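Student: Sequence plus predicted model, see below.
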Amino acid sequence: MIDEFRKFIMRGNVLDLAVGVIIGAAFGTIVSTLVDNIIMPPIGLLLSGVDFSSIKIVLQQAVGDKPEVALGIGLFLNALIKFIIVAFVLFLIIRSVNAMSKKKEAEPAAVVPTKEEMLLTEIRDLLAKGR
């Protein structure tokens, strides 16, 4: 059972998926930092110092030990911007991969004659010499 598990783990697809998940998580952290600390502060400054993460619509004020009920519009906007950045980067990656694959398809493949075609060519050449 351990050998089967080792073979399963060592398959290319599983390792590729693991690497993709780890890189994706790291990329998510980079995008979060980019949006929260670089993109949103200037936007907030342009909008008179608004901190997007604190924008919310309060449905019910906190009363006693009951917490506030609010819609976190600013947090949603931050998440939306992060999603758009990730989607755009993925679009660029997929676009470049597709462009590379189109270039490979555009190159004509070398035509290799089959055995039958080679034999027929030899027969044709021999018949032509015999004339």
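Tutor: Ah, there it is. Worth saying up front: this structure is predicted, and the values here are computed from it rather than measured. Residues are numbered from 1 along each chain as shown.

Student: which helix in this structure runs the most residues?
Tutor: Secondary structure of the chain per DSSP state H: the longest helix is helix 73-106.

Student: Using neighbour counts, pick out the buried residues of stretch 16-24.
Tutor: Buried residues in stretch 16-24, counted by 16 or more other C-beta atoms under 10 Å: none are found. Every C-beta, even on glycine, is put in place using the N, C-alpha and C of the backbone.

Student: mind checking how far it is from the chain centre?
Tutor: A distance of 11 Å separates the centroid of the chain from that of stretch 16-24, by C-alpha atoms, centre = their mean, to the nearest Å.

Student: could we number from 37 for the rest of this?
Tutor: Done: numbering now begins at 37, and the last item shifts to stretch 52-60.

Student: Give me the mean pLDDT for it.
Tutor: Average pLDDT, stretch 52-60: 84.

Student: Then stretch 149-166?
Tutor: The average pLDDT within stretch 149-166 is 87.

Student: Tell me how far the residue lying closest to Leu51 once chain neighbours are set aside lies from Ala54.
Tutor: Counting by C-beta to C-beta, 6 or more residues apart in numbering, Leu51 lies nearest to Ile45, which is 7.6 Å off, once chain neighbours are set aside. Note on Ile45: its distance to Ala54, by C-beta to C-beta, to the nearest Å, is 9 Å.

Student: Could you do Val148 as well?
Tutor: According to C-beta to C-beta, Val148 stands 39 Å off from Ala54.

Student: what does the next helix or strand after the longest helix of the chain rub up against?
Tutor: Heading C-terminal from helix 109-142, the first helix or strand you meet, by DSSP states H and E, is helix 151-166. Under the contact criterion C-beta atoms under 8 Å, 6 or more residues apart in numbering, helix 151-166 has outside partners Pro149.

Student: circling back: does the longest helix of the chain pack against any helices or strands, and if so which?
Tutor: helix 48-70 (3 or more C-beta pairs under 8 Å, 6 or more residues apart in numbering; DSSP states H and E).

Student: which strands and helices sit next to the helix it packs on?
Tutor: Under the contact criterion of 3+ C-beta pairs under 8 Å, 6+ apart, helix 48-70 touches helix 109-142.

Student: what is the orientation angle of the helix it packs on with helix 48-70?
Tutor: Here helix 109-142 runs at an angle of 140 degrees relative to helix 48-70 (axes from the mean of the first three to the mean of the last three C-alpha atoms, to 10 degrees).
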